[in-house]
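S.K.: generate a structure from the sequence data that follows.
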Amino acid sequence: MSVNRFFGGVRLFRRSYHPAGFEYVKASNKRGPLAYGKESSQYAVLSHALQRSVPLYGFNERAIVHSLNELGYSSTMLSVIGSSNPPSFLHSSPALMELIKFHLADKRISLTENISSETPAEELPTLEELFIKRLEMNLPVAEHLSQLLSQLAIPGPFLLDVSMPELHRLSDDLIYYSSEKDSHDFAWYSKRLAVSCAYMSSELFMAQDKSPNYRETFDFARDKLHRVFTLGEYYNNTEEFAWYTLLSTINLVKSQLARG
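M.R.: Residues are numbered from 1 along each chain as shown. I've put the predicted structure just below:
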């Protein structure tokens, strides 16, 4: 649980209390699960791939190879990227899983990189603003989201070790770095679970959205947040998310297997 303190109109970012310490996302671990920094060649390749190659080719090895060629690296580097990741159920390579991991972590970090302990309380963004901003970060790769989500939802080590923890980190950051009043009891969990549910359902909606500039996705996202925080639909939102995610994931995985 995050405890926010104010001094002279400035919000002091301190996470000094949390109901379950092993779940707590400390600021020093904000880069997790990435084990490399911006100065590394791995970061350079994956960053280039997300910005230049994935919008063209999607989330696959071809995008990584394209970036390796563009940056002048040998294609043999493909075997090094993400070497610690086991292949997924869909037989995706460790390098592809690292690209997906990089996408999740890098976007989350970028979301709040301009917010610090010196940010005045009145200048903090609202939860909705951060939520929409994170969805907007998907726009360059929006047409490939179904491919991404089908990989994230496959049962296995990647889901448990990367996908779900990153979703938890994102929902925690969305609340912690916004002007949203935090809770200090069991509501801490329900609020973050509700935000996680709202975000995942919004991404699933975006993956199937055909409206101009994904207008319906952003309307859907705002409505989800309104229902959760204005109407207090924590339980209903969670129950709906469980079924929605299950059915949507089954369809996404079927479509990916059919293409394989």
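S.K.: so what's residue 114 scoring on pLDDT?
M.R.: Looking at residue 114, its pLDDT is 89.
S.K.: meant to ask about residue 224
M.R.: The per-residue pLDDT reported for residue 224 equals 88.
S.K.: surely it touches residue 202?
M.R.: Yes - contact criterion CB atoms under 8 Å: residue 224 and residue 202 qualify, at 6.3 Å. Yep, even glycine has a C-beta here, placed from its N, CA and C like the rest.
S.K.: okay, and the helix or strand of the protein with the least pLDDT?
M.R.: Between all helices and strands in the chain, the lowest mean by mean pLDDT, DSSP states H and E belongs to strand 3-7, at a mean of 43.
S.K.: show me where the stretch 101-250 of the chain has helices.
M.R.: Taking DSSP state H, counting those that start in this stretch as the test, the helices found in the stretch 101-250 of the chain are 127-136, 145-152, 157-158, 164-176, 187-208, 215-229, 234-259.
S.K.: which other helices and strands does the fourth one contact?
M.R.: For helix 164-176, the helices and strands in contact under the criterion 3 or more CB pairs under 8 Å, 6 or more residues apart in numbering; DSSP states H and E are helix 94-111, helix 127-136, helix 187-208.
S.K.: show me which residues of the first one are buried.
M.R.: Right, helix 94-111. Counting neighbours by 16 or more other CB atoms under 10 Å, one finds that the buried residues in helix 94-111 are 94-108, 111.
S.K.: again, but for the shortest one
M.R.: Applying a neighbour-count criterion of 16+ other CB under 10 Å, the buried positions in helix 127-136 are 127-128, 130-132, 134-135.
S.K.: tally of neighbours for residue 156?
M.R.: For residue 156, the count of nearby residues is 13 (other CB atoms under 10 Å).
S.K.: quick one: it from residue 220, how far?
M.R.: Relative to residue 220, residue 156 is positioned 29 Å away (CB to CB, to the nearest Å).
S.K.: the residue nearest to residue 49 when sequence neighbours are not counted in helix, strand or coil?
M.R.: Spatially, and ignoring its direct neighbours in sequence, residue 49 is nearest to residue 67 (4.1 Å; CB to CB, 6 or more residues apart in numbering). Following DSSP: H, G, I helix; E, B strand; the rest coil, residue 67 is assigned to helix.
S.K.: could you report the neighbour count for residue 67?
M.R.: Neighbour tally, residue 67, other CB under 10 Å: 23.
S.K.: wait, doesn't it sit right on residue 55?
M.R.: No - using CB under 8 Å, residue 67 is not in contact with residue 55; the gap is 11.7 Å.
S.K.: can you list the weak-confidence ranges in this structure?
M.R.: 1-32, 87-91, 183-186, 231-260 (pLDDT under 70).
S.K.: which residue is nearest the middle of it?
M.R.: By CA atoms, centre = their mean, the chain has its centre lying nearest to residue 104, at 4.3 Å.
S.K.: measure the closest residue to that residue other than its chain neighbours to residue 158 for me?
M.R.: Closest residue in space to residue 104, ignoring its immediate chain neighbours: residue 166 at 4.3 Å, by CB to CB, 6+ apart. Separation of residue 166 from residue 158 (CB to CB) stands at 10 Å.
S.K.: neighbour count for these two, which is higher?
M.R.: Neighbour count, other CB under 10 Å: between residue 166 and residue 158, residue 158 has more, with 23 against 20.
S.K.: how much space separates residue 101 from residue 161?
M.R.: Residue 101 is 9 Å from residue 161, by CB to CB.
S.K.: scratch that, residue 85
M.R.: Taking CB to CB, one finds residue 85 at 9 Å from residue 161.
S.K.: list the buried ones in stretch 178-195?
M.R.: With burial defined by 16+ other CB under 10 Å, the residues of stretch 178-195 counted as buried are 178-180, 188, 190-195.
S.K.: so how far is it from its chain's centroid?
M.R.: Chain-centre distance of stretch 178-195: 18 Å, with CA atoms, centre = their mean, to the nearest Å.
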